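Q: pasting the sequence and the predicted model now:
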Amino acid sequence: MNYLAPSILAADFCELGAQLDLIEQSGVQCLHVDVMDGMFVPSISFGMPVLACVRKRTKLFLDVHMMVERPERYVDEFMRLGADSITIHVEACDCIYKTLERIRSLGGKRGIAINPETPIEHVFPYLENVDMVLVMTVHPGFGGQSYIPECLDKIRSLRSEIHKKGLSVDVEIDGGVRLENLKENLDAGANVIVTGSAVFQGDMAHNIKEFQKIMNAGQ
Ligand code: DX5
Ligand code: ZN
C-alpha cells in the first residue's frame with residue numbers, strides 16, 4: 001500500500017489548521033512532522049507545542065521524524081502528545097534497539113531513518129525491529145532541496161533486503177520528491193512518500209490529486 005505523507009515543514013504556519021483540514025479532506029491519511037534540534041541538523045523547526053496542536057486538530061496519522069541527537073530523551077513525551085509513529089536516525093542514537101522497543105511498548109510504530117551518506121547496510125540489523133525505514137533523499141535539515149539521484153540504488157537494495165528476509169516493512173523517502181521523480185521511486189520500492197514543497201506550494205488540493213493519481217495507478 002502506498003501512502004502520501006505531506007510534510008508540515010512546508011506549511012504556512014499562520015494557516016496550519018486550514019491546511020490540515022484540506023489535507024484530510026483530500027483523502028490523505030498520513031502527515032509528516034519534522035522535528036529538528038539545531039544539533040543533529042543545523043536548523044531548528046518546531047517541537048512539543050506544535051505537535052500537541054496538530055494532534056487536537058486532525059485525525060491524520062502523525063509520522064514524527066526526529067532529526068534530533070539522542071532522540072530517546074523525547075520518545076515518551078512525543079507519544080504522550082499524540083505521535084502515531086516515531087522515526088529516529090541511525091546516526092543519532094546509541095541505544096537504538098532499546099529506543100525502538102520503547103516506542104513499540106507505548107503503542108507507536110517504529111521507524112529508523114538514514115542519511116544520504118550513510119551506507120544502507122547500517123539499517124539492516126534493525127529490519128526485524130521496525131515498521132518503517134526512512135531513506136533521506138536530501139541532506140536533512142531543510143525543505144525545498146534537490147533529490148540526490150544516488151539514493152535510488154539505496155532504496156532498491158533496502159527493498160530487496162526486506163523481501164529476502166520475508167518482512168513487511170514500509171520504505172519511506174523524504175526530500176526532493178516531485179511529480180517528475182515519483183514513479184521511479186515507487187518502482188525502486190518506496191511506498192511512503194514524504195513531500196513538502198511539491199504539495200504546499202501553489203494549489204494544494206490540485207498537487208495532492210496529481211500525486212495520488214501516480215501513487216494509486218496499478219494498486
Ligand atoms: C528535510 C525534511 C523533509 C522536508 C521535505 O530535512 O526531513 O521532510 O520537509 O521537503 P521537500 O519535499 O520540500 O524536499
Ligand atoms: Zn522528514
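A: Alright, I've got the coordinates. Ligands and ions are numbered 1, 2, ... in the order given.
Q: can you pull the contacts of the closest residue to K165 other than its chain neighbours?
A: Leaving aside its chain neighbours, K165 sits nearest to L127 (6.0 Å; criterion: Cβ to Cβ, 6 or more residues apart in numbering). For every residue, glycine as well, the C-beta is placed using N, CA and C. With contacts defined as Cβ atoms under 8 Å, 6 or more residues apart in numbering, the neighbours of L127 are V133, E161, I162, K165, L167, V169.
Q: so which of the residues you listed wins on neighbours?
A: Ranked by neighbour count under the definition other Cβ atoms under 10 Å, the contacts of L127 are headed by V133 with 29 neighbours.
Q: H122 versus the residue lying closest to G141 once chain neighbours are set aside, what's the distance?
A: Leaving out its chain neighbours, the residue that sits closest to G141 by Cβ to Cβ, 6+ apart is V41, at 3.6 Å. Note on V41: its distance to H122, by Cβ to Cβ, to the nearest Å, is 18 Å.
Q: between the two, which one's more packed in?
A: More neighbours surround V41 than the other of V41 and H122, with 21 against 13 (other Cβ under 10 Å).
Q: hang on, the more buried one in a strand?
A: No. Under DSSP: H, G, I helix; E, B strand; the rest coil, V41 falls outside any strand and is assigned coil.
Q: quick revisit: just put the contacts of L127 in a markdown table and tack on pLDDT and secondary structure.
A: Shown next, in a markdown table, are these (pLDDT from 0 to 100; DSSP: H, G, I helix; E, B strand; the rest coil):
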| residue | pLDDT | secondary structure |
| --- | --- | --- |
| V133 | 99 | strand |
| E161 | 98 | helix |
| I162 | 98 | helix |
| K165 | 98 | coil |
| L167 | 98 | coil |
| V169 | 98 | coil |
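Q: which members of those are the farthest-apart pair?
A: Comparing all pairs in those by Cβ to Cβ, the longest separation belongs to V133 and K165, at 12.2 Å.
Q: for this protein, which residue gets nearest to ligand 1?
A: Nearest residue of the chain to ligand 1 (Cβ to the nearest ligand atom) works out as G196 at 2.8 Å.
Q: spatially, what comes nearest to that residue if we skip its sequence neighbours?
A: In space, G196 is closest to A10, 3.4 Å off (Cβ to Cβ, 6+ apart).
Q: how confident was the prediction at the one you found?
A: Looking at A10, its pLDDT stands at 98.
Q: who's in contact with it?
A: A10 is in contact with G143, G144, G196, S197, V199, F200, Q201, counting by Cβ under 8 Å, 6+ apart.
Q: try L100
A: Contacts of L100 by Cβ under 8 Å, 6+ apart are I88, R110, I112, Y126, N129, V130.
Q: where does the second one land in three-state SS?
A: Per three-state DSSP, the local secondary structure of R110 is strand.
Q: where along this protein do the strands fall?
A: Under the criterion DSSP state E, the chain carries strands at the ranges 3-6, 30-36, 61-67, 85-89, 109-114, 132-136, 170-174, 192-195.
Q: what about L158, neighbour count?
A: Residues contacting L158 under the criterion other Cβ under 10 Å number 23.
Q: check F124 too.
A: 15.
Q: next one: it, what pLDDT does it get?
A: Value listed for F124 in the pLDDT field: 98.
Q: so it sits right up against E161, yeah?
A: Yes. Assessed by Cβ atoms under 8 Å, F124 is found in contact with E161 at 5.8 Å.
Q: now, of the contacts of A10, which are buried?
A: Buried by 16 or more other Cβ atoms under 10 Å: G143, G196, S197, V199, F200, out of these.
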